[in-house]
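Student: please find the sequence and the predicted model below.
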Amino acid sequence: MTSPLPLTSLHHVARLTNRLEASRAFYRDVLGFREILRPSLRFPGAWLHAYGLQIHLIVDESIGGPEGPIDTRANHLAFYSDDVGAIETLLAEHGVACRVNIQAETGLKQIFFRDPDGHHVEVGTYPPTPAA
């Protein structure tokens, strides 16, 4: 058996956007990211950082928007929070539609919502990950 790659952490997640200013404001004002220096690339976008993670917004005019229902099984970015109730309140204050899910077996409360381009985001208070 070969050894796994010597990875240490997740550095960034790239999100395609056709609403750069709305997405920049969403990740900054709703999720608490701050904009960081982005090199001069051949395409528009923005880089943001918080919680040890970067979000790279990349403009792509061909992608859709936040149509349809919030889907808890869709590809999503998930964040941990000790206070999911406060997250739910703040999302309402920002006018962000969300779907709350409570897992019957564990009582885990999760909140699902979308960014301005329809990318799903989840927040929950998850149990500790068991040691390998």
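Tutor: All right, it came through fine. Numbering: from 1, shown residues only.

Student: where in this protein is pLDDT low?
Tutor: Where the chain drops to pLDDT under 70, the residues are 132.

Student: buried residues of the helix ranked longest in it, list them for me.
Tutor: Looking only at the chain and at elements set by DSSP state H, the helix with the highest residue count is helix 84-93. For helix 84-93, the buried set under the neighbour-count rule, 16 or more other C-beta atoms under 10 Å, comprises 84, 87-88, 91. Just so you know, the C-beta spots here come from the backbone N, C-alpha and C atoms, and that holds for glycine as well.

Student: turn these into JSON lines, including distance to residue 8.
Tutor: Formatted as JSON lines, those follow (distance: C-beta to C-beta, whole Å):
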{"residue": "84", "distance to residue 8": "28"}
{"residue": "87", "distance to residue 8": "28"}
{"residue": "88", "distance to residue 8": "33"}
{"residue": "91", "distance to residue 8": "32"}
